[in-house]
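Novice: Prediction below, plus the sequence it came from.
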Amino acid sequence: MSAVSLRKMLNKKELPSLLHNLIYQFNVAIDVELVDGTKLISIGEQTVENRYPIEVSGEIIGWVVGTEQATILANLLSFLAKQEAEKKVLAKELLERYQEIDLFDDISTQLTTSLDTRQIAQLVLQELSQLIESSAGMILLLSPDATAFEIIAEFGVFFDHNQPEPGKGIIGNIVQSNRAELVNDVQADPRLEGQKNVNAMICVPLRAKERVLGAIAIGTSKADSYKAEHLKLVSIFASQTAIAIDKAVLYEQSTQAAVQAKAQTQKLQQALHELQLAQTQLIQSEKMSSLGQLIAGVAHEINNPVNFICGNLKYVAEYAQDLLHLLEKYQKFLPVAPPELESELDNIDLEFIMQDFPKLLDSMKLGTGRIVEIVQSLKNFSRHDEAEMKAVNIHDGIDGTLMILHHRVKANVHRPAIEIFKDYAKLPLIECYPGQLNQVFMNILANAIDALEEGMENSGVRSSPQITIRTRAIDQQCVVIRIADNGPGMKEEVIRRIYDPFFTTKDVGKGTGLGMAISYQIVVDKHGGMLKCRSQPGEGTEFWIQIPLNCALVDATEEQNCTSASPTPTTESSSIPDTDGFIRSTTPMLKPTDLLIRHTQLIQRLSQHNPDVEGASPDQIYQMFQRHPISLKLYATLLSWFCCSNPTQIRR
């Protein structure tokens, strides 16, 4: 079938009238016929039978019949037919290009929406197999060291057994040369190595950012099957595939990097947590060691003279009884004393002395007994030399702590005495670290006293400050100590931060912010217990300290569960208030940004004592720290987090 229809061409608007005008100008008879003799135009009567062809690309599509002048009309119609044919070819090419652009736009959209290299490769091969005749195809990725190929998608059988290698065979050489090739006679190619199932093939390297990622190859069993347009089509597919695969590879690498970064972050967080605990342990150990040595020294110094007094009071009482008895005998035998002796007896009031002297000795005995109790309380509180668990009465530790804090609960010019209410239940002995638990009691009770004093100073109301201590046993497994005060209370956001190392609401010089962090470590980490708190502004604060009866058994169970049990509750779940309003303590995690904030807050506090601290020299700052040793200790600890490669090795 001809590419141009002469009938349609002559039916176009204005062309027939133009032809009629032209023929009238020539004043000749003309017939225009199809190849089969069908007349399309007939003007005048023919006197000759000369036939002149109308041709398009060497093909006759019609005739012009007439005199010699009819050749002009035949040439004109041939020219118009040629233009028509060219228009059709151009339209066809434009349509193909439009379809091609639409196809590649669709494929590009599909490729860019996928981030899986194998899915991308499979999609490309599927589209290619529909557009180009092929019996086998594959997409290969080059390893990072360019020593091996990985087939990520394929169809058909390209190779029997051998897989292509870089630099070997047709595909390996094409990838090495980084130039696309069309091979229509594979079996005659000198580079042939294993490609026995195809006779014609196209191989295009996958290039992205001036580097070769791999190659795309298709083949067929028919020789001489591919043309240049097929190579161009595969090349366009290859460029789109390379971009999509490069993006997918970068995404996979970024995903792996994100996973590694997350794992590294978790390791750093764990290291930071361990570092925090090491710091608190260091300060706790130093604090308890210093306190224990001080208390032990004081107890030792007091104990010697007290023992001397207590040991001699017994004999003093016996001697006094003997002397008073002897004096009574003298009075019986000498009822009337000489005048000089009578005057002396009246001056010293012998009768009063004989009545009061035994009472005085009893008071001295009671006082020395009180001193002995205080010394024993000091020893019970310090226990700095007891590193092993011990079965103790928890009430002794609480009472000993109250004994140490007795001077703080007494009345002073600013407030009345703090009333201590005890509601002790009958408790069994507890296997624990008694010295460390005493420190927990000390921290919580001291904070309660501070809160009561601060509340009365700020409010100006001289109400009756109270601290209530309750104990009870739970199911013969745990002991609970509840310490409550009627102070100003705390907001919920403060409760959630009280266990963070270095967090404190007190002024500089009045606290380090380590008391509750150490208490958390002692109760939760060391004893496997529970520490909870509930408080509302204006309604006081209450702490719940729960200790297992046998902490050693709990430690063994936790150690066994560490290898298989689930992790500890998350912060979100454990920080939700329970039915009684208590908020359970969570693992204190202090971020580096928090340390910087604490650093800034510390400098601001120091500036309250010295407004020129920001412009002060190092010597002046050091002198300020000497006046506030707690701040110096805190500042040195803060700096150790940033400056020391192994802060746990710090020694003071």
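Specialist: Nice, thanks for sending it over.

Novice: Quick check: neighbours of the host helix or strand of residue 483 in the sheet, parallel or antiparallel?
Specialist: Counting by DSSP states H and E, the element that carries residue 483 is strand 478-485. Taking DSSP bridges as the criterion, strand 478-485 pairs within the sheet with strand 466-474 (antiparallel), strand 541-548 (antiparallel).

Novice: Buried by neighbour count: which residues of the longest one qualify?
Specialist: Pointing back at strand 466-474 there. 466, 467, 468, 469, 470, 471 (16 or more other Cβ atoms under 10 Å). C-beta: built from backbone N, CA, C; applies to glycine.

Novice: nearest to residue 209, of the strands paired with strand 478-485?
Specialist: Closest to residue 209 of these, according to Cβ to Cβ: strand 541-548, at 62.0 Å.

Novice: what's that closest one in contact with?
Specialist: Under the criterion Cβ atoms under 8 Å, 6 or more residues apart in numbering, residues 394, 430, 432, 437, 440, 444, 448, 451, 474, 477-485, 487, 489-490, 523, 527-535, 554, 582 lie in contact with strand 541-548.

Novice: related to what we said a few turns ago, now render the buried residues of strand 466-474 as CSV, adding distance to residue 586 and pLDDT.
Specialist: CSV is the format used below for those (distance: Cβ to Cβ, whole Å; pLDDT from 0 to 100):
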residue, distance to residue 586, pLDDT
466, 29, 93
467, 26, 95
468, 26, 95
469, 25, 96
470, 24, 95
471, 25, 95
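
Novice: before we move on, back to that, would you convert the strands paired with strand 478-485 into JSON lines that also reports distance to residue 116?
Specialist: Formatted as JSON lines, the strands paired with strand 478-485 follow (distance: least, Cβ to Cβ, whole Å):
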{"stretch": "strand 466-474", "distance to residue 116": "55"}
{"stretch": "strand 541-548", "distance to residue 116": "52"}
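
Novice: Which stretch among those strands approaches residue 148 most closely?
Specialist: Comparing these by Cβ to Cβ, strand 541-548 comes nearest, at 59.4 Å.

Novice: Please pull up the helix or strand immediately following the lowest-mean-pLDDT helix or strand in the chain.
Specialist: Within the chain, no helix or strand scores below helix 571-574, which has a mean of 46 by mean pLDDT, DSSP states H and E. Where DSSP H and E defines the elements, the next helix or strand beyond helix 571-574 is strand 583-584.

Novice: Just the element for residue 203, please.
Specialist: Here residue 203 is assigned to strand 200-208, by DSSP H and E.

Novice: Need the mean per-residue confidence for the helix or strand that comes right after that strand.
Specialist: Sequence-wise, the next helix or strand downstream of strand 200-208 (DSSP H and E) is strand 211-220. The pLDDT scores in strand 211-220 average 86.

Novice: so the helix or strand just after strand 211-220 versus strand 200-208, what angle?
Specialist: On the C-terminal side of strand 211-220, the nearest following helix or strand under DSSP H and E is helix 228-333. Here helix 228-333 runs at an angle of 40 degrees relative to strand 200-208 (axes from the mean of the first three to the mean of the last three Cα atoms, to 10 degrees).

Novice: how distant is helix 228-333 from the center of its chain?
Specialist: Relative to its chain's centre, helix 228-333 lies at 23 Å (Cα atoms, centre = their mean, to the nearest Å).

Novice: With stretch 75-86 instead?
Specialist: 76 Å.

Novice: returning to that earlier point: kindly format the C-alpha coordinates of the strand holding residue 483 as PDB.
Specialist: C-alpha atoms of strand 478-485 as PDB (Å, rounded to 0.1, in the frame of the first residue of the first chain):
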ATOM      1  CA  CYS A 478       9.500  -6.200 100.900                       C
ATOM      2  CA  VAL A 479       9.700  -3.400 103.500                       C
ATOM      3  CA  VAL A 480       8.300   0.100 102.700                       C
ATOM      4  CA  ILE A 481       9.600   3.200 104.500                       C
ATOM      5  CA  ARG A 482       7.400   6.300 103.800                       C
ATOM      6  CA  ILE A 483       8.800   9.700 104.800                       C
ATOM      7  CA  ALA A 484       6.400  12.600 104.500                       C
ATOM      8  CA  ASP A 485       6.500  16.300 105.300                       C
END
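
Novice: To residue 157, which of the strands paired with strand 478-485 lies closest?
Specialist: Per Cβ to Cβ, nearest to residue 157 of the strands paired with strand 478-485: strand 541-548, 69.6 Å.

Novice: For residue 50, find the nearest of the strands paired with strand 478-485.
Specialist: So among the strands paired with strand 478-485, strand 541-548 is nearest, using Cβ to Cβ, at 122.5 Å.

Novice: what's the average pLDDT for the strand holding residue 203?
Specialist: 87.

Novice: Mind listing what's buried along that strand?
Specialist: Quick answer for strand 200-208 (16+ other Cβ under 10 Å): 200, 201, 202, 203, 204, 205, 206, 207, 208.

Novice: now the residues you listed in TSV, with distance to residue 49?
Specialist: Formatted as TSV, the buried residues of strand 200-208 follow (distance: Cβ to Cβ, whole Å):
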residue	distance to residue 49
200	53
201	58
202	56
203	61
204	60
205	65
206	67
207	66
208	70
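
Novice: that older thread, hmm, who's touching the strand holding residue 483?
Specialist: In contact with strand 478-485 (Cβ under 8 Å, 6+ apart) are residues 394, 398, 427, 430, 441, 444-445, 448, 451-452, 465-474, 529, 540-549.

Novice: For residue 164, which non-adjacent residue is spatially closest?
Specialist: residue 171 (4.4 Å; Cβ to Cβ, 6 or more residues apart in numbering).

Novice: Can you give the contact residues for the host helix or strand of that neighbour?
Specialist: Assigned by DSSP H and E, residue 171 belongs to helix 169-177. Residues from elsewhere that reach helix 169-177 (Cβ under 8 Å, 6+ apart): 140, 142, 149, 164-167, 180-181, 183, 186, 189, 191-195, 201, 203, 205, 212, 214-215, 217.

Novice: Which of these fall in strands?
Specialist: In strands, judged by DSSP state E, the following of the contacts of helix 169-177 are found: 140, 142, 149, 181, 183, 201, 203, 205, 212, 214, 215, 217.

Novice: pretty sure the fourth one contacts residue 200?
Specialist: No. Under the criterion of Cβ atoms under 8 Å, residue 181 lies out of contact with residue 200, with a separation of 11.5 Å.

Novice: what's the closest non-adjacent residue to residue 80?
Specialist: residue 9 (6.4 Å).

Novice: From residue 61, how far off is that neighbour?
Specialist: 9 Å (Cβ to Cβ, to the nearest Å).

Novice: what do the two both touch?
Specialist: Jointly contacting residue 9 and residue 61 under the rule Cβ under 8 Å, 6+ apart are residue 81.

Novice: what's around the residue nearest to residue 164, how many residues?
Specialist: 29 (other Cβ atoms under 10 Å).

Novice: Please check the contacts of strand 541-548 and keep the buried ones.
Specialist: In the contacts of strand 541-548, the ones that pass as buried (16+ other Cβ under 10 Å) are 394, 430, 432, 437, 440, 444, 448, 451, 478-485, 487, 489-490, 523, 527-535, 554, 582.

Novice: Just those residues: which are in strands?
Specialist: Counting by DSSP E, these contribute 430, 432, 478-485, 530-535 to strands.

Novice: Could I get the pLDDT score of residue 507?
Specialist: 65.

Novice: what's the answer for the one 10 residues further on, then?
Specialist: Confidence per residue is given as pLDDT, and for residue 517 that number is 79.

Novice: how many other residues sit next to it?
Specialist: Residue 517: 26 neighbours (other Cβ under 10 Å).

Novice: pull the CA atoms of the helix or strand containing it into CSV?
Specialist: Following DSSP H and E, the helix or strand that holds residue 517 is helix 515-520. Output in CSV follows, covering the C-alpha atoms of helix 515-520 (Å, rounded to 0.1, in the frame of the first residue of the first chain):
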residue,chain,number,x,y,z
GLY,A,515,21.7,13.5,97.0
MET,A,516,18.7,12.0,95.2
ALA,A,517,20.8,10.7,92.3
ILE,A,518,22.8,8.7,94.8
SER,A,519,19.7,7.6,96.6
TYR,A,520,18.3,6.3,93.4
